[in-house]
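missing the sequence, but the structure's below:
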């Protein structure tokens, strides 16, 4: 069972991605694709998505090991 107290902030990019995808793995893959897309266009959004991917990976790892 997942400890929801450790979930990413619902208003953060990571929290939004988590709600918009079926599972955390899909949210991470999407965030990583968006990092590349925004980096290619030299947009600062790449940083936001990179942070979201990192936050989701940390949450995923913590939720597996209570």
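The structure has been received and is ready for your questions. All figures in this text were calculated on a predicted structure; none of them were measured in a lab.

list the buried residues in the longest helix seen in the chain.
Scanning the chain for the longest helix, with DSSP state H as the assignment, gives helix 45-64. Of the residues in helix 45-64, 46, 48-50, 52-53, 55-57, 59-60 count as buried by neighbour count, 16 or more other C-beta atoms under 10 Å. Any C-beta I mention is one placed from the backbone N, CA and C, and that applies to glycine too.

equivalent analysis for stretch 28-37, please.
By neighbour count, with 16+ other C-beta under 10 Å as the criterion, the buried positions of stretch 28-37 are 28, 30-32, 34-35.

flag the shaky bits of this protein, pLDDT-wise.
Screening the chain residue by residue with the criterion pLDDT under 70, one finds the ranges 1-5, 65-66.

swap in 50 and give it another go.
1-3 (pLDDT under 50).

thinking again about what came up before, just the ones of the buried residues of stretch 28-37 in helices?
The subset of the buried residues of stretch 28-37 that ends up in helices is 28, 30-32, 34-35, with DSSP H as the criterion.

among the buried residues of stretch 28-37, which one sits closest to residue 13?
Lowest distance from residue 13 to the buried residues of stretch 28-37 (C-beta to C-beta) belongs to residue 31, with 7.5 Å.

that closest one: what's its closest spatial neighbour, skipping adjacent residues?
Across the structure, with C-beta to C-beta, 6 or more residues apart in numbering as the measure, the residue nearest residue 31 apart from its sequence neighbours is residue 53 (3.8 Å).

contacts for stretch 17-31?
7-8, 10, 13-14, 49-50, 52-53, 56-57, 59-60, 63 (C-beta atoms under 8 Å, 6 or more residues apart in numbering).

need those residues in JSON lines (columns: distance to residue 24).
Supplementary listing: the contacts of stretch 17-31 in JSON lines, determined by distance: C-beta to C-beta, whole Å:
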{"residue": "7", "distance to residue 24": "10"}
{"residue": "8", "distance to residue 24": "10"}
{"residue": "10", "distance to residue 24": "14"}
{"residue": "13", "distance to residue 24": "14"}
{"residue": "14", "distance to residue 24": "10"}
{"residue": "49", "distance to residue 24": "15"}
{"residue": "50", "distance to residue 24": "16"}
{"residue": "52", "distance to residue 24": "11"}
{"residue": "53", "distance to residue 24": "11"}
{"residue": "56", "distance to residue 24": "6"}
{"residue": "57", "distance to residue 24": "8"}
{"residue": "59", "distance to residue 24": "7"}
{"residue": "60", "distance to residue 24": "5"}
{"residue": "63", "distance to residue 24": "8"}
